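Enquirer: Quick one: sequence and predicted model below, then my questions.
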Amino acid sequence: KTTVAAMVVHEPEIRSSFNHICWINLGKRFSKKSYSPKLQLQMYFDCLQRICQQINLDASEFCNERSDLYFNPADNSMKKAAKEVQAMERAKIKMSQKMQEFKVLIVIDDVWDNDDCDWFDFNVSPYKERDHILFVTTRTDDDFRFSRSVTINMNLLSEEQSISLFFTNAGMYPLPTLSTSDYALASNIVRRCGYLPIAIKTAGRLLRYGLPDGGTMELKDVAKHVL
């Protein structure tokens, strides 16, 4: 998903259609220990700061330290949660005002909860032409849809496509003629990579460039590292 998004935003036609292109990796702000997959106030302020930095806007209004000003020590969990949503809504309005003069493509990569996308819809009115477009990558499928949105479902690579990508990134193009044992090794490598392009590219480059210490790698060595 990330690879496809990166390819899209590097297209000249896309780049010429917007004043700015912003990239937010939402997934890395969560962890397996997160008590909630939803975007929280501190995370949201951090994302807004990142967007401001990428389009050269003042981000001081979204400093994380200021989020503490919205809470009182005596607030219970429900009151704190309500105040957090209110603070996020105020921040979204401020961000919308800052971005009125621009046409921006915002890539939100690795969304865990699709409802979070609404926090990055900075278009002032749903009835006028949209100045800001969201490009969302996600593994979830909860029937979330923006109005006028387009959904593209990405299937995993096939084994043949994965092996081709692996050897291409290993610098072997056209593809070599493989013995039965080498094909089995390559097949196991791409399977253990989950047929995911980024993982397969990494494995292919390991075969091509070797280890950081300068050690060379053969196919069987890459298989041991991956397996």
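Expert: On my side now, so go ahead.
Enquirer: For beta bridges, what are the partners of residue 138?
Expert: Beta-bridge pairing for residue 138 (DSSP bridges): residue 111.
Enquirer: Tell me who's in contact with the spatially closest residue to residue 48 that is not a sequence neighbour.
Expert: For residue 48, ignoring the flanking residues on the chain, the nearest one in space by CB to CB, 6 or more residues apart in numbering is residue 62 at 4.2 Å. (Each C-beta comes from the backbone N, C-alpha and C, glycine too.) With contacts defined as CB atoms under 8 Å, 6 or more residues apart in numbering, the neighbours of residue 62 are 45, 46, 48, 49, 52, 91, 94, 95.
Enquirer: which helices and strands sit right next to the longest helix seen in the chain?
Expert: Secondary structure assigned by DSSP state H gives helix 77-98 as the longest helix of the chain. Helices and strands touching helix 77-98, by 3 or more CB pairs under 8 Å, 6 or more residues apart in numbering; DSSP states H and E, are helix 41-54.
Enquirer: which other residues reach the helix it packs on?
Expert: 20-24, 26, 29, 39, 57-59, 62-64, 66-67, 70, 84, 87-88, 91, 95, 98, 106, 119-120.
Enquirer: Which ones among the residues you listed map onto helices?
Expert: Residues of those located in helices (DSSP H): 84, 87, 88, 91, 95, 98.
Enquirer: Now pLDDT too, for those, in JSON lines please.
Expert: Conversion of the ones in helices among the contacts of helix 41-54 to JSON lines gives the following (pLDDT from 0 to 100):
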{"residue": "84", "pLDDT": "86"}
{"residue": "87", "pLDDT": "88"}
{"residue": "88", "pLDDT": "90"}
{"residue": "91", "pLDDT": "92"}
{"residue": "95", "pLDDT": "93"}
{"residue": "98", "pLDDT": "90"}
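Enquirer: how about those residues in TSV, adding neighbour count and distance to residue 134?
Expert: Compiled in TSV, the ones in helices among the contacts of helix 41-54 are given as follows (neighbours: other CB atoms under 10 Å; distance: CB to CB, whole Å):
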residue	neighbour count	distance to residue 134
84	18	22
87	18	22
88	20	17
91	20	17
95	22	13
98	19	17
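Enquirer: Tell me the one of those nearest residue 212?
Expert: Comparing the ones in helices among the contacts of helix 41-54 against residue 212 with CB to CB places residue 95 closest, at 40.7 Å.
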